[in-house]
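Visitor: Need a 3D model of the sequence below.
(2 chains)
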Amino acid sequence: MVRIFIISICAILFVTVRPSQEIAAKEVVRIADNNMRGNTSQADITITIVRPNWQREMEMKAWTKGDDYTLILVKAPAKEKGIAFLKRKKEVWNWIPAIERTIKLPPSMMSQSWMGTDFTNDDLVKEASSVEDYEHRHLGRENLNGKECYKIEMVPKPSAAIVWEKVIVWIDTQDFLQLKAEFYDEDGELVNIMNSSNIKMFGSRKVTTQIEMIPTDKEGYKTVIQYNHLLYDEEIPENFFTTRNMTQIK
Amino acid sequence: MFLKLAWLNIWRNKRRTLITIASVFFAVLLAITFRSVTDGVYENMIHNVVSYSSGYLQIHKKGYWDEQSIDNSFEANEQLNQRLLSNPRVTQLMPRLETFALSSFGDKTKGVLVLGIDPASEKMVNQLDEKVIEGGYFQSENANAVLVGSGLAEQLNVKVNDTLILIGQGYHASSAAGKFNIIGILKLGSPELNGNVIYMPLRTAQNLHGAENRLTSLSIMLSKTSDLEGSKNAVESTLDTDAYEVMTWKQMMPEMDQFIEADSAGHYIIIIVLYIIISFGLFGTLLMMTFERNREFGILIAIGMKKRLLAFVVLLESIMISLIGCFMGILGGILLVRLFTEHPIQFSGSLQEVYEEYGFEPIIYFSGHPRIFINQTLIVLVLAILLALYPGFKVIRLRPVEAINS
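Guide: Predicted structure coming up:
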């Protein structure tokens, strides 16, 4: 009887513990992605551009719906207030109130800096597909700032239009939040490091609220995104994400 | 005694002497005029080019030249301006904010050079207002107005009073976008500039780029253009070289400096040919003189004049003639150059059009630099004296008997 009990305990332990170690790498990434994204989100963001001799802050508001729709509105500084970016599927539109023009960003501008930050216009468009467009592989576990993380290598599928040779992400085993990512270019050289920290609760979600983008080839350069407020899963109609609305939104 | 003898000898045959003096005179005059014209044309060309582009000297924030971005701009500083202007060589300062932007009108778009300028000082230095072929010049310092190069206006298909859109990057990665009223079309000499440039008042450019009171460069116009390095050092000594860099137009436009050097080399060849012609002219008169006085020399030696002394007297005569010729040549040169610096030669007709096409004034300028007078006169004088050794040599080799009987 006792033996059976011990065996069944072992079996239960085996069943419950084993899978948690063995969650597929793809699954880990999917959970982490969902944790940050939600169905819809509205965020108040402060972006700080840090350069060796100066730094600059911008206030923005961002709306997202699923992977396909994003609208970003600049609130401050006054000179740039009203500038808006709309991402719809694979297209990016830019509204500049000073010249009353909507510009569709051409493919040639995709690798250029977005609003003077260390992010490219391309990052706005491509950021979404970290689950579907990559092959994922466990590289074991690593301790990052006192947190145990899955270290996962993501290699783009041949069909995906991704400039990286590979991306390595660290996802925390407790909360399933991405804490660090390293981006390698096609020569296998590390070009960007993205650090996420400052975990906070917004509604029922636990999210990282500070993201740092550090290009490794430029000393003293970085861009910090700070989420001041996040609101998840509030219904946003699809016609909110139109070029017409972009020009009117306040 | 010898001087007096030589002096009397010269005037024994006035016509012969006058011919020799005249040949030295024209030699000096020709050399001076030639140098004066070539130097004058270069000086004028440099002035033309630098007054539009860099100025003779330019001050930047240290490191700007290697990375020409608006982030490497510096704060305009009235104190600095005053200190620079207190240098007597500095005649004008031209503050500028230079950036690149995308310009658009209708469905045409083109990358352009945006020059934020001080309308008043550009008007004074390079008469920018006179290059306006349509419309007008800036009326105020912060007008929301632009002047467009005619080549660019053609490509964008814009006219006066159209609204031009500019998009670029501002100071510290801010965005720079705005709509501007085209108040005039400019016809500039350099086709490259003409097809790419947009001028706007400095204040407007600073607002557009979010760079209040900042400049990318401060161009300096000089009164004395020959001592460029000296002026540069003088300017450098008045400012903090850790914060600013001072560059000469030769450093900023090495291709123009090299062009002038190469072109000068051609002129050196011409001037050497000129000296050779001058030498033969002089030599001819000296030869004639020696031949004419052969009998006289023979008799003088026969009655006991020492050959060496006779040669010395002949040399003195030649030097005297050369000096008189040079002196008159300088006088004539000064008068001629003065005349043409005050009333420069204007081209007319098709030649004028060609010059204007390339953005040069259709005028031949003369340079009145004292260096030219001194150098050219000295060269001719040395040539004359060297040639004057020939009669002396001839005297020493003279056989009195043959000479008397010839």
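Visitor: Now for residue 25: which residues touch it?
Guide: No chain specified, so I'll use chain A. A:136, A:137, A:138, A:150, A:152 (C-beta atoms under 8 Å, 6 or more residues apart in numbering or on different chains). Placement of C-beta: from N, CA and C, glycine included.
Visitor: could you do chain B instead?
Guide: Contacts of residue B:25 (C-beta under 8 Å, 6+ apart): B:325, B:326, B:328, B:329, B:332.
Visitor: Can you name the element that comes right after the helix or strand encompassing the second one?
Guide: The secondary structure element spanning residue B:326 is helix B:307-342 (assigned by DSSP states H and E). Sequence order places strand B:345-346 as the next helix or strand after helix B:307-342, per DSSP H and E.
Visitor: Which neighbouring elements make contact with that following strand?
Guide: Packed against strand B:345-346 by the contact rule (3 or more C-beta pairs under 8 Å, 6 or more residues apart in numbering or on different chains; DSSP states H and E) you find strand B:363-364.
Visitor: Name the residues of the helix or strand following the strand it packs on that are buried.
Guide: Toward the C-terminal end, the helix or strand that comes next after strand B:363-364 (DSSP H and E) is helix B:370-396. Of the residues in helix B:370-396, B:372-373, B:376-377, B:379-381, B:383-384, B:387-388, B:390-392, B:394-395 count as buried by neighbour count, 16 or more other C-beta atoms under 10 Å in any protein chain shown.
Visitor: How about residues contacting stretch B:377-392?
Guide: Outside of stretch B:377-392, the residues within contact range by C-beta under 8 Å, 6+ apart are B:24, B:27-28, B:31-32, B:275, B:278-279, B:282-283, B:286-287, B:289-290, B:311-312, B:314-315, B:318-319, B:321-323, B:325-326, B:329-330.
Visitor: Run the chain-centre distance for it.
Guide: Stretch B:377-392 has its C-alpha centroid displaced from the chain centroid by 30 Å (C-alpha atoms, centre = their mean, to the nearest Å).
Visitor: Same question for stretch B:278-290.
Guide: Using C-alpha atoms, centre = their mean, the offset of stretch B:278-290 from its chain centre is 35 Å.
Visitor: which residues sit against it?
Guide: B:16, B:19-20, B:23-24, B:26-27, B:30-31, B:318, B:380, B:383-384, B:387-388, B:390-391, B:394.
Visitor: and the residue of chain A found nearest chain B, how far is that from residue B:214?
Guide: Of all residues in chain A, the one sitting closest to chain B is residue A:116 (2.4 Å; C-beta to the nearest C-beta). Between residue A:116 and residue B:214 the distance, using C-beta to C-beta, to the nearest Å, works out to 17 Å.
Visitor: now the lengthiest strand in chain A: mean pLDDT?
Guide: In chain A, ranked by residue count with DSSP state E as the criterion, the top strand is strand A:190-202. Taken as a whole, strand A:190-202 has an average pLDDT of 90.
Visitor: same deal with stretch B:257-268?
Guide: When the per-residue pLDDT values of stretch B:257-268 are averaged, the result is 86.
Visitor: mind listing what's buried in the host helix or strand of residue B:270?
Guide: In the assignment (DSSP H and E), residue B:270 maps to helix B:254-292. Of the residues in helix B:254-292, B:256, B:267, B:271, B:274-275, B:278-279, B:281-283, B:285-286, B:289-290 count as buried by neighbour count, 16+ other C-beta under 10 Å.
Visitor: Contact partners for the residue in the stretch 201-350 of chain B that chain A sits nearest to?
Guide: When C-beta to the nearest C-beta is the measure, the stretch 201-350 of chain B has its nearest residue to chain A at residue B:210, with 5.5 Å between them. Residue B:210 makes contact with A:79, B:170, B:171, B:172, B:174, B:176, according to C-beta under 8 Å, 6+ apart.
Visitor: Swap in 6 Å and give it another go.
Guide: A:79, B:170, B:171, B:174 (C-beta atoms under 6 Å, 6 or more residues apart in numbering or on different chains).
Visitor: hang on, the earlier thing: the inter-axis angle of the helix holding residue B:326 versus helix B:370-396?
Guide: On the basis of axes from the mean of the first three to the mean of the last three C-alpha atoms, to 10 degrees, helix B:307-342 is oriented at 160 degrees to helix B:370-396.
Visitor: what is the orientation angle of helix B:307-342 with helix B:254-292?
Guide: Helix B:307-342 and helix B:254-292 are oriented at 140 degrees to each other (the same axes, to 10 degrees).
Visitor: Mind giving me the packing neighbours of helix B:307-342?
Guide: In terms of contacts (3 or more C-beta pairs under 6 Å, 6 or more residues apart in numbering or on different chains; DSSP states H and E), helix B:307-342 is packed against helix B:2-10, helix B:14-52, helix B:370-396.
Visitor: okay if I get the contacts of residue A:25 as TSV plus neighbour count and secondary structure?
Guide: Written out in TSV, the entries for the contacts of residue A:25 read as follows (neighbours: other C-beta atoms under 10 Å in any protein chain shown; DSSP: H, G, I helix; E, B strand; the rest coil):
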residue	neighbour count	secondary structure
A:136	20	strand
A:137	15	strand
A:138	15	strand
A:150	23	strand
A:152	23	strand
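Visitor: The residues you listed: which two are farthest apart?
Guide: Set against one another by C-beta to C-beta, the contacts of residue A:25 have their most distant pair in A:137 and A:150, with a gap of 10.8 Å.
Visitor: thinking again about what came up before, in its sheet, what does the longest strand of chain A sit against?
Guide: Strand A:190-202 has its sheet partners listed here by DSSP bridges as strand A:178-184 (antiparallel), strand A:205-215 (antiparallel).
Visitor: how about the longest one: buried residues?
Guide: Across strand A:205-215, burial judged by 16+ other C-beta under 10 Å covers A:205, A:207, A:208, A:209, A:210, A:211, A:212, A:213, A:214, A:215.
Visitor: again, but for the first one
Guide: Residues A:178, A:179, A:180, A:181, A:182, A:183, A:184 are the ones in strand A:178-184 that count as buried (16+ other C-beta under 10 Å).
Visitor: Kindly report the same for stretch A:136-154.
Guide: In terms of neighbour count (16+ other C-beta under 10 Å), stretch A:136-154 has its buried residues at A:136, A:144, A:147, A:149, A:150, A:151, A:152, A:153, A:154.
Visitor: What about chain B: which of these touch it?
Guide: Checking the buried residues of stretch A:136-154 against chain B by C-beta under 6 Å from any C-beta of the partner chain, not one of them is in range.
Visitor: could I get those residues as CSV with pLDDT and distance to residue A:55?
Guide: Formatted as CSV, the entries for the buried residues of stretch A:136-154 read as follows, by pLDDT from 0 to 100; distance: C-beta to C-beta, whole Å:
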residue, pLDDT, distance to residue A:55
A:136, 90, 35
A:144, 86, 26
A:147, 87, 28
A:149, 91, 29
A:150, 90, 33
A:151, 92, 31
A:152, 92, 32
A:153, 92, 33
A:154, 91, 31
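Visitor: of all those residues, which comes closest to residue A:49?
Guide: Nearest to residue A:49, judged by C-beta to C-beta, of these is residue A:144 at 25.3 Å.
Visitor: so residue A:56 is in which element?
Guide: Using DSSP H and E, residue A:56 sits in strand A:55-65.
Visitor: wait, does that strand contact chain B?
Guide: Yes: contact between strand A:55-65 and chain B is present through residue A:56 (criterion: C-beta under 6 Å from any C-beta).
Visitor: All the strands of the stretch 101-250 of chain B, in order from the start?
Guide: In the stretch 101-250 of chain B, the strands defined using DSSP state E, counting those that start in this stretch lie at B:108-117, B:132-135, B:145-149, B:163-169, B:175-186, B:197-201, B:214-215, B:217-222, B:244-248.
Visitor: circling back to that earlier point, among the contacts of residue B:210, name the buried ones.
Guide: When burial is judged by neighbour count using 16+ other C-beta under 10 Å, the buried members of those are A:79, B:170, B:171, B:174.
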